[in-house]
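Trainee: Quick one, structure for this:
(12 chains)
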12 protein chains.
Amino acid sequence: MSDHVYKKIEIVGSSTTSTDDAIRNAVAKAKETVRNLRWFEVVETRGHLENGEIAHYQVTLKIGFTLD
Amino acid sequence: MSDHVYKKIEIVGSSTTSTDDAIRNAVAKAKETVRNLRWFEVVETRGHLENGEIAHYQVTLKIGFTLD
Amino acid sequence: MSDHVYKKIEIVGSSTTSTDDAIRNAVAKAKETVRNLRWFEVVETRGHLENGEIAHYQVTLKIGFTLD
Amino acid sequence: MSDHVYKKIEIVGSSTTSTDDAIRNAVAKAKETVRNLRWFEVVETRGHLENGEIAHYQVTLKIGFTLD
Amino acid sequence: MSDHVYKKIEIVGSSTTSTDDAIRNAVAKAKETVRNLRWFEVVETRGHLENGEIAHYQVTLKIGFTLD
Amino acid sequence: MSDHVYKKIEIVGSSTTSTDDAIRNAVAKAKETVRNLRWFEVVETRGHLENGEIAHYQVTLKIGFTLD
Amino acid sequence: MSDHVYKKIEIVGSSTTSTDDAIRNAVAKAKETVRNLRWFEVVETRGHLENGEIAHYQVTLKIGFTLD
Amino acid sequence: MSDHVYKKIEIVGSSTTSTDDAIRNAVAKAKETVRNLRWFEVVETRGHLENGEIAHYQVTLKIGFTLD
Amino acid sequence: MSDHVYKKIEIVGSSTTSTDDAIRNAVAKAKETVRNLRWFEVVETRGHLENGEIAHYQVTLKIGFTLD
Amino acid sequence: MSDHVYKKIEIVGSSTTSTDDAIRNAVAKAKETVRNLRWFEVVETRGHLENGEIAHYQVTLKIGFTLD
Amino acid sequence: MSDHVYKKIEIVGSSTTSTDDAIRNAVAKAKETVRNLRWFEVVETRGHLENGEIAHYQVTLKIGFTLD
Amino acid sequence: MSDHVYKKIEIVGSSTTSTDDAIRNAVAKAKETVRNLRWFEVVETRGHLENGEIAHYQVTLKIGFTLD
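Mentor: Next up, the predicted model:
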């Protein structure tokens, strides 16, 4: 078995509903253009506030994938 | 347009149900006394355990707001 | 009242459904063998991806408990 | 001579022209409401981009002042 | 039992005698104006030197208190 | 309004004149190939010395942009 | 001479009197069940406040010991 | 001489034999698609264990290269 | 397939010959008493010097294993 | 070509005018006594406030130079 | 008044009695060979254990002094 | 036995062959001018790339030695 090499990219997902949904949105977007997604790491969780309410949850992920 | 100045305060929200709910409780409390809330940043997530169960989720936020 | 001493252990919970569920799974497992659980601290949130979907959320906790 | 106690607050200054100007704007705003400012520490430098240009430099400071 | 919300403030205590005394001075000052102090976290320990001797120990604390 | 997803890339700008100019050079280069630039974060500031003088200021930025 | 291997455990000592006493209490507790203690590293200093006074100093240590 | 701009990408190399070999594999893979590689920075070293043995060393690098 | 839970322990391996050998010694020692080792993370690399030479390389690992 | 060895020293430059000027003053001072200066890294930016104005910008650098 | 430049050195003080005494021993040693000491910053606190007791407290300081 | 005081210096070793060799080169250079070397700590590992190959491994160490 060969030695794999991976690349990590940094993606920020946002969601009006939850932090987990922001993670899922980030992964879903990455999936559109990158194959062989393998893992993610949360590096920052923040959000945008409007009128004293949470307008968007924003989660920054590093997403790792296999380089062919 | 003028150069805005913001202040960040550090608030710990707690919740018996979820980490996201702890975030919402922190923001709701800040909203009671501070106007022009603009964003939050999660700086710590922890919780209190009782009888081997999660009694409270506790999330520390920095909350930024515009200084008038 | 005496001066308590606590120990912290590092546990990684996983879940197919949410980050909060991964936290709960880690605490539930610790409860099986450790008494007097007192608090947890989230130290890392990551996950495993399969076919472009989140297969597991993985959350690393430090869990503190009282030493008798 | 007595033992001084200080408080630190976290302020984000912005500027359309430079990072140093953002620092000065943060300090100038703090000066409006706080006496006895003693020092600042830069904790983050970032900025807002519009049309591929830097619209605002944003510098987060901790500002220390003497508590009377 | 309700979900508590806490605020953290950052205070620097100084002392001519010891680091622990600097901590106590910071807490004593916070107590003058803030009710319901709950915990502190040491974030930095430093000091001022004069004539090759320690003139002041300076300890920066985050102090958490319950928001009513 | 939909949930935006952003990508962050890491760019190092250099300049013979100032740290702010190094930031501007990094942004200008990113603008050549990336649309919808939204913000930058300074992650490192360093420089190259020659003959005891500053030959280049080098500033590493994370630059965030909207994924279409 | 053989290549030693060590294990580190994380212990939180508390004390009503001082941070150093909290360190000593943590070490004394570890000594009850672990042989060949070799070193400690302070990783966090905090405390519990009651009625505006320091009720407990709490110091988290990593304690290293030789594995036989 | 003009002011260079660099980009950093994050690559994880793996190897069955050594950490240095994992570094070399990461660089070799980057070389296949990126010109003008200039430097690397190790950001994480870890590995995969199987049957109590090290199956793969995994080293995460940031790799910097000149943007034309 | 069930949701796995893992535990991480912190082990320091030493070696007179190399940093990789110190990693291997740490893993070999862990293997003696822990089943189902899954991964390691390097958290610190240091060493002991005697007579101006490297007497021991010392590498601190976090080692993760599956809890049954 | 031989394998170079470098030393890093930590210098704090101050300036009444700008952060970049504080960097230049630190480098200029290092140049008085150290040959073969090669690079600098900014590790902290802070400043001294007097009468609500910035009296000094203070920038801490690590400065690397070749050991002959 | 001119723009001062400072240098920081890193000193580890040890003491058989307390962490504060280890700080004082580090400063006292620095005073023997360096003039114009201005401040210190604690960067690490650890200690050596023998027979289950604290043999030495070891505190690492950065010590800043004015360059003439 | 007296309370020892140590100094730490920061040295960058480079090597065309391996990271461990870069460590050894840094220690060997320190040995030329400093007596009583006691330990080292790796603080950064990086390298220089030329023609898509690793030209130099560069490892930054803190080296501690006893002050007489």
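
Trainee: Please enumerate the strands of chain A.
Mentor: Under the criterion DSSP state E, chain A carries strands at the ranges A:5-15, A:37-50, A:53-66.

Trainee: The shortest one to strand F:37-50, inter-axis angle?
Mentor: Right, the one you point to is strand A:5-15. Interaxial angle of strand A:5-15 relative to strand F:37-50 (axes from the mean of the first three to the mean of the last three C-alpha atoms, to 10 degrees): 140 degrees.

Trainee: Just the CA coordinates for strand A:5-15, please, in PDB.
Mentor: Output of strand A:5-15 as PDB, limited to C-alpha atoms (Å, rounded to 0.1, in the frame of the first residue of the first chain):
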ATOM      1  CA  VAL A   5      -0.600  12.500   0.700                       C
ATOM      2  CA  TYR A   6      -3.400  14.800   1.800                       C
ATOM      3  CA  LYS A   7      -4.200  18.500   1.300                       C
ATOM      4  CA  LYS A   8      -6.100  20.600   3.800                       C
ATOM      5  CA  ILE A   9      -8.200  23.600   2.700                       C
ATOM      6  CA  GLU A  10      -9.900  26.100   5.000                       C
ATOM      7  CA  ILE A  11     -13.600  26.600   4.500                       C
ATOM      8  CA  VAL A  12     -16.100  28.800   6.500                       C
ATOM      9  CA  GLY A  13     -19.600  27.500   6.500                       C
ATOM     10  CA  SER A  14     -22.500  29.600   7.700                       C
ATOM     11  CA  SER A  15     -26.000  28.700   8.800                       C
END
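
Trainee: Is chain I within reach of it?
Mentor: No. Using C-beta under 8 Å from any C-beta of the partner chain, strand A:5-15 stays clear of chain I, coming no nearer than 14.4 Å. (Glycine included, C-beta is placed from N, CA and C.)

Trainee: Show me which residues of stretch A:36-44 are buried.
Mentor: Buried residues in stretch A:36-44, defined by neighbour count with 16 or more other C-beta atoms under 10 Å in any protein chain shown: A:37-42.

Trainee: just stretch A:15-31 next, same as before
Mentor: By 16+ other C-beta under 10 Å, the buried positions in stretch A:15-31 come out as A:15, A:18-27, A:29-31.

Trainee: quick one: which of those is nearest chain C?
Mentor: Chain C has its nearest neighbour among the buried residues of stretch A:15-31 in A:K31, at 3.6 Å by C-beta to the nearest C-beta.

Trainee: And that closest one, how far from chain I?
Mentor: Applying C-beta to the nearest C-beta, to the nearest Å, the value for A:K31 to chain I is 22 Å.

Trainee: Could you pull up the residues touching the residue of chain A found nearest chain K?
Mentor: In chain A, the residue that lies nearest chain K is A:V43 (25.0 Å; C-beta to the nearest C-beta). Neighbour list for A:V43: A:10, A:60-62 [criterion: C-beta atoms under 8 Å, 6 or more residues apart in numbering or on different chains].

Trainee: bridging residues for the residue lying closest to A:D21 once chain neighbours are set aside?
Mentor: Spatial nearest neighbour of A:D21, chain neighbours left out: A:S15 (3.8 Å); criterion: C-beta to C-beta, 6 or more residues apart in numbering or on different chains. Beta bridges link A:S15 to A:Y57, judged by DSSP bridges.

Trainee: Report pLDDT for A:S15.
Mentor: Model confidence at A:S15, given as pLDDT, is 98.
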